[in-house]
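Asks: mind looking at a prediction? Sequence and model below.
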Amino acid sequence: MLALSFASLAQWPRFFPGAFTAAECDAIAQLFLQSSATAEIDERTSEGVNRVNRWDTDNRLRDSGRLDGVYARVASSLGVDLDVKGMTEFTLMHEFTREHNFFGWHVDSSPGDGKPPRTLNVNVMLSAVGVDYTGGQLQVGDTNVSAQKGDLYLYPAAFPHAVHDLQAGVRRTLVIALVDKEADAASRAAYFARAATEFARLTAGPLAGESKMHLLHAEFLEASGADEAAAARARCLSFKVTEQAPQYAEHFAGEAARALQHVAATGGGAEAAETLRAASGLVEMAECIREGSAAQARAALDYYRVAVDHMGGAQRGGGGGARGAG
């Protein structure tokens with residue numbers, strides 16, 4: 001449970017400058033370059049990802065002991081007796097190049113993962129900024145990590161983070177993903193409660209204008225089983241803070257209108273009631289994004305609610321009358 005107790009600390013990311021020498025960084029990079037038969041090109045531009053992954057396939061480097069010195073250095077830098085090797089879920093080398101040069105806002109751990117959460121991301125900068133590459137700065141929340149070659153830094157995997165666009169060269173970092181498999185339910189709850197506090201701080205303050213931050217917050221709230229209204233509000237803000245907010249509001253209002261047309265065509269029943277619920281959500285989203293954008297759809301929604309209720313009542317009443325007449 002030690003890593004989770006680290007994750008409860010207030011100040012993140014934790015930073016340890018010069019934990020590795022330049023020669024050690026070069027040796028780590030060569031270890032991954034030589035042991036990886038092929039590099040995984042992770043190109044999901046619609047999701048904000050374009051990078052190269054050089055994996056420690058099947059944890060062969062870890063299990064062979066060739067990374068023991070790295071794991072020991074991480075523990076000694078932290079100043080604790082931490083079984084880094086035993087907690088390592090995977091180790092890889094991230095590589096950013098001119099062709100594969102960004103990694104947008106994301107989290108690596110969620111309350112809905114259904115397994116012991118990845119607790120900490122441990123990074124070692126293997127390249128020299130301004131020499132090997134320019135751009136490509138890591139940002140954890142509202143903190144830009146200005147890492148030099150050999151620096152060690154770590155942060156909770158559930159905290160939102162991103163790598164800004166690389167401008168030139170090749171940027172390599174060692175990534176060690178730690179999982180606290182022995183954490184109890186209370187520790188896991190405390191871990192994600194700390195992440196929830198961080199999301200609330202970021203979305204209300206320094207990163208309130210970041211659309212993706214609000215979307216990640218909405219997904220976090222949904223995975224946490226939080227109040228649906230809070231998650232819907234966060235999702236609304238992911239549209240509202242963009243320049244395209246009027247177009248988004250128009251889109252949701254139009255979808256609501258089409259749903260209501262379907263209600264008119266079905267003429268009542270369970271399907272109509274379900275469609276009304278969906279239309280209501282679309283109207284609320286449109287109005288949240290831009291007040292007044294779904295006024296016509298809201299009026300139609302109110303009309304069809306009454307109409308569907310009336311039809312349901314008439315069907316129940318009519319059925320009872322027919323039986324009595326027989």
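Replies: Good, I have the coordinates.
Asks: shouldn't Glu95 be within a strand?
Replies: Yes - Glu95: assigned to a strand according to DSSP: H, G, I helix; E, B strand; the rest coil.
Asks: what residues does it make contact with?
Replies: Glu95 sits next to 39, 51-54, 170-172 when contact means CB atoms under 8 Å, 6 or more residues apart in numbering. In this view, the C-beta of every residue, glycine as well, is placed from N, C-alpha and C.
Asks: most neighbours among the residues you listed, which one?
Replies: Within the contacts of Glu95, most neighbours by other CB atoms under 10 Å means Arg171, with 27 neighbours.
Asks: that one against Gly136, yeah?
Replies: Yes - counting by CB atoms under 8 Å, Arg171 does reach Gly136; the two are 4.4 Å apart.
Asks: mutual contacts of those two, please.
Replies: Phe96.
Asks: and for stretch 25-41, what's in contact with it?
Replies: By CB under 8 Å, 6+ apart, the residues outside stretch 25-41 that reach it are 20, 52-57, 60-61, 66-67, 70, 92-93, 95, 100, 124-127, 149-150, 172, 174.
Asks: Ala162: which element?
Replies: Ala162 is part of strand 161-163, with elements assigned from DSSP states H and E.
Asks: tell me the buried residues in that strand?
Replies: Within strand 161-163, the residues scored as buried using 16 or more other CB atoms under 10 Å are 161-163.
Asks: centre of the chain to stretch 218-236, how far?
Replies: Averaging C-alpha positions (CA atoms, centre = their mean, to the nearest Å) puts stretch 218-236 13 Å from its chain's average.
Asks: using PDB, write out every CA atom in it.
Replies: Only the C-alpha atoms of stretch 218-236 are listed here, as PDB (Å, rounded to 0.1, in the frame of the first residue of the first chain):
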ATOM      1  CA  ALA A 218     -17.000  13.500 -17.200                       C
ATOM      2  CA  GLU A 219     -15.600  10.000 -17.900                       C
ATOM      3  CA  PHE A 220     -14.000   9.900 -14.500                       C
ATOM      4  CA  LEU A 221     -17.300  10.900 -12.800                       C
ATOM      5  CA  GLU A 222     -19.200   8.300 -14.800                       C
ATOM      6  CA  ALA A 223     -16.700   5.600 -13.900                       C
ATOM      7  CA  SER A 224     -16.900   6.600 -10.300                       C
ATOM      8  CA  GLY A 225     -20.700   6.200 -10.200                       C
ATOM      9  CA  ALA A 226     -21.100   9.800  -9.400                       C
ATOM     10  CA  ASP A 227     -24.300  11.800  -9.700                       C
ATOM     11  CA  GLU A 228     -25.400  11.700 -13.400                       C
ATOM     12  CA  ALA A 229     -26.100  15.500 -13.400                       C
ATOM     13  CA  ALA A 230     -22.500  16.200 -12.400                       C
ATOM     14  CA  ALA A 231     -21.100  14.000 -15.200                       C
ATOM     15  CA  ALA A 232     -23.500  15.500 -17.700                       C
ATOM     16  CA  ARG A 233     -22.400  19.000 -16.600                       C
ATOM     17  CA  ALA A 234     -18.800  18.100 -17.100                       C
ATOM     18  CA  ARG A 235     -19.600  16.700 -20.600                       C
ATOM     19  CA  CYS A 236     -21.500  19.800 -21.400                       C
END
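Asks: what kind of secondary structure is the residue lying closest to Met125 once chain neighbours are set aside in?
Replies: In space, Met125 comes closest to Ala147 once its chain neighbours are excluded; the distance is 4.0 Å by CB to CB, 6 or more residues apart in numbering. Following three-state DSSP, Ala147 is assigned to coil.
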